[in-house]
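*Asks:* Sequence and predicted model, in that order:
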Amino acid sequence: MTAPESFSNQTPEVARAGDCEVKVDVDVWPQTNETGITEPQLKVETGGEWQRLSLISILYFTVRNFTASAQALIYTIPALAISFNVWDNLLSPEVLIGAGILFLSTSGSGVISFLMYKFRVHNQHVEIHHGVFQRRYTNLPLWRIQNVKIERPFYYRPFGYALVVLDTAGSGKEEAKIVAVPEDYAEALKKQVLYEKAHHDVGDIDELADEDLFNSKLANGSSTSRIQSTSDKAASNAHTSEEVLNRRSVKDIIIHGITNNRVWIILGAAAPFYDDVFGVVSEWLADKGLQLNQLVGEQTVAWWQFGLYAFVILMMLMALVALLSVGGALFTFYGYTLSRAGDRYIRRSGLLNKLEVSMRASRIQMITAKQDWLDKILKRVNLYFEQNSTAGQQMQELMSPNKLIVPSVTENEAFELSQEVMAGCDLRGQSYQTISKRFISFWLLAVWTLPVVAFFTLGAVTSHLDIMIGAVTTFISVALILTLRWWRWGIAYDNKYVYIRKGRIGIDYQCFEPYKVQQVIIKQSVFMKRNKHATIKFVLASGAVTVPFLPEEYVDKLADSVLFEVESTRRSWM
């Protein structure tokens with residue numbers, strides 16, 4: 001691989017993998033600019049020549065292709081389970097031959113992906129050519145890159161390699177990946193991107209300071225010295241030392257795994273195999289002298305004994321599910337730290353694959369604090385810092401570069417972190433405007449009354465008491481849930497932040513700054529207008545927030561206040 005041009009006062013750092021070599025020149029001698037700010041001269045450019053990845057990247061491409069194939073096969077499992085017995089035919093020659101062909105083709109595609117991938121960092125741009133059947137060219141100026149995420153898969157870590165993910169403003173998906181570079185180079189590229197972004201922001205501020213229109217806005221309390229201090233702060237943020245804000249212990253992660261169970265998704269995907277698993281368990285119990293068909297016989301076992309057996313089995317299954325959930329939490333959040341470096345928040349975590357996600361403080365659109373019923377008992381909160389997202393694109397919340405999650409913090413820690421990100425934010429200390437009780441009657445009458453009456457009538461005509469009881473029970477349960485929903489749903493505004501509270505059994509809080517709102521939508525149906533109620537919807541880059549059945553006068557006043565804040569402030573959060 002061609003080494004970049006050498007500079008004075010540089011320390012070369014070399015990393016090898018197989019027959020490939022990446023040589024990185026990083027200037028370790030800081031220089032001082034005209035304003036007295038120390039600027040580290042980080043040289044990460046690879047020159048005009050296109051660079052190949054290290055051979056270890058083949059492993060990444062292979063694992064990625066295997067994962068994509070496995071995700072596609074999940075949808076075929078139910079069809080296979082219906083057509084023939086998967087368990088008995090799992091080791092058949094046909095299945096083994098098919099698995100071998102899939103393995104060889106996927107491995108071969110990893111080699112092809114490696115051969116078709118090349119990149120360079122040239123003239124402050126990251127350029128990438130990749131793709132096999134559909135060739136793609138990506139060109140990202142360093143100053144337009146908003147987030148830099150560094151991942152260290154477990155198969156990279158022994159060799160000192162990392163994966164760099166770059167994304168730009170307004171994108172809900174990852175824009176570019178440099179798949180396998182030395183860790184030192186990944187860190188140097190990250191610092192260079194942050195520096196270029198800060199330097200570009202300084203240029204924008206200086207440009208605005210020279211405009212007559214911008215100077216006219218300074219009469220509201222701003223000053224040239226304030227602009228200069230903002231400029232200095234932005235320029236120095238690129239190389240500020242990190243301050244650790246929060247760490248999650250193993251105990252905290254275990255609590256998170258118990259209170260936030262995601263194993264039901266896995267259990268749902270494994271549904272086609274339940275019959276086979278039940279058969280294996282029955283055979284194992286029979287070998288131990290325990291026959292399930294004898295246990296369910298009314299003449300053999302008393303009802304209380306059968307109930308005890310069922311309770312014990314249920315507890316064992318719940319313990320297994322909790323154990324799987326805790327394992328997933330440890331896999332994802334082990335070694336969790338949340339740090340701040342200048343105007344950026346950085347999250348690092350992972351047991352095998354080390355993941356690093358960073359987010360600029362100014363781009364945080366909303367703070368969300370979530371508490372399920374078990375979280376409330378244990379007095380824990382899952383805290384989310386959310387930035388931009390693309391509509392219609394679903395991303396995993398844990399791996400998304402658009403969210404920072406702080407799992408299972410205490411209520412005091414949640415308050416302190418909220419204050420850290422948005423000074424003066426107090427989620428629980430607000431006097432919330434609760435939505436109207438007509439929310440309950442609307443959903444009961446418009447949605448649930450007709451089907452419940454239909455089932456109750458069907459039960460009465462056919463003399464099925466169970467159908468009648470089920471209909472009445474359903475109606476009462478829905479009414480209770482809607483009542484909890486109405487009781488918890490509310491909104492507050494303290495002239496600095498907008499707060500939303502909602503939930504059914506659990507409770508969620510949201511907080512955002514009015515000047516970051518992109519749209520305010522007010523909706524009124526004929527019946528709502530007659531009763532002087534309205535629904536308000538705030539559209540932010542992170543998504544939309546809706547609060548229904550509020551007093552019409554309150555909605556108009558709130559919308560005017562938020563829109564005035566947007567128009568008068570004109571602050572940039574990009």
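*Replies:* Good, I have the coordinates. All values derive from a computational prediction rather than experimental measurement.

*Asks:* C-alpha from now on. contacts and neighbour counts both.
*Replies:* OK.

*Asks:* Would you map the helices across the stretch 101-250 of the chain?
*Replies:* Remark: helices assigned in the stretch 101-250 of the chain by DSSP state H, counting those that start in this stretch are 183-209, 212-216, 224-236, 250-259.

*Asks:* ok, now which ones touch the closest residue to Lys370 other than its chain neighbours?
*Replies:* In space, Lys370 comes closest to Asp508 once its chain neighbours are excluded; the distance is 4.4 Å by Cα to Cα, 6 or more residues apart in numbering. When contacts are counted by Cα atoms under 8 Å, 6 or more residues apart in numbering, Asp508 is found next to Thr368, Ala369, Lys370, Gln371, Arg501, Lys502.

*Asks:* So which of those residues is the closest to Thr457?
*Replies:* Minimum separation from Thr457 among the contacts of Asp508 (Cα to Cα) is found for Lys502, which lies at 34.9 Å.

*Asks:* mind listing the helices for the stretch 301-450 of the chain?
*Replies:* 303-333, 373-378, 411-421, 438-443, 449-461.

*Asks:* Need the ones you listed in JSON lines (columns: distance to Val111).
*Replies:* Formatted as JSON lines, the entries for these read as follows, by distance: least, Cα to Cα, whole Å:
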{"stretch": "helix 303-333", "distance to Val111": "28"}
{"stretch": "helix 373-378", "distance to Val111": "46"}
{"stretch": "helix 411-421", "distance to Val111": "44"}
{"stretch": "helix 438-443", "distance to Val111": "57"}
{"stretch": "helix 449-461", "distance to Val111": "58"}
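
*Asks:* between those helices, which gets nearest to Val566?
*Replies:* Nearest of those (Cα to Cα): helix 411-421, 19.8 Å.

*Asks:* got a list of contacts for that closest one?
*Replies:* By Cα under 8 Å, 6+ apart, the list of residues contacting helix 411-421 from outside reads Leu245, Ala361, Ile367, Ala369, Lys379, Arg380, Val381, Leu383, Cys425, Asp426, Leu427.

*Asks:* List only those of those residues flagged as buried.
*Replies:* Burial by neighbour count, 16 or more other Cα atoms under 10 Å: within the contacts of helix 411-421 this picks out Ala361, Ile367, Ala369, Arg380, Val381, Leu383, Cys425, Asp426, Leu427.

*Asks:* Quick check: the fourth one vs Ser325, distance?
*Replies:* In this case it means Arg380. 17 Å (Cα to Cα, to the nearest Å).

*Asks:* re the thing from before, any chance of the contacts of Asp508 in CSV with distance to Leu465 as columns?
*Replies:* Supplementary listing: the contacts of Asp508 in CSV, determined by distance: Cα to Cα, whole Å:
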residue, distance to Leu465
Thr368, 45
Ala369, 44
Lys370, 40
Gln371, 39
Arg501, 40
Lys502, 37
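
*Asks:* so Thr410 touches Arg380, yeah?
*Replies:* Yes - with contact defined as Cα atoms under 8 Å, Thr410 reaches Arg380; the gap is 4.7 Å.

*Asks:* Who are the contact partners of the closest residue to Val179 other than its chain neighbours?
*Replies:* In this structure, Val179 finds its nearest non-sequential neighbour in Leu163, 4.7 Å apart by Cα to Cα, 6+ apart. Listed by Cα under 8 Å, 6+ apart, the contact partners of Leu163 are Ile150, Glu151, Arg152, Pro153, Lys177, Ile178, Val179, Ala180, Val181, Ala186.

*Asks:* Which pLDDT value goes with Leu163?
*Replies:* What the model reports as pLDDT for Leu163 is 91.

*Asks:* Roughly how far does it sit from Val181?
*Replies:* 7 Å.

*Asks:* Closest one to Ile481 out of the buried ones among the contacts of helix 411-421, please.
*Replies:* Ala369 (20.9 Å).

*Asks:* can I assume that closest one is in contact with Leu383?
*Replies:* Yes - the pair Ala369 and Leu383 passes the contact test of Cα under 8 Å, sitting 4.6 Å apart.

*Asks:* give me the element the residue nearest to Lys370 is part of.
*Replies:* strand 507-512 (DSSP states H and E).

*Asks:* Could you identify the helix or strand that succeeds that strand?
*Replies:* strand 519-523.

*Asks:* all strands for the stretch 351-500 of the chain, in order.
*Replies:* With DSSP state E, counting those that start in this stretch, the ranges of strands along the stretch 351-500 of the chain come out as 354-360, 366-371, 380-386, 403-410, 433-434, 490-493, 498-502.
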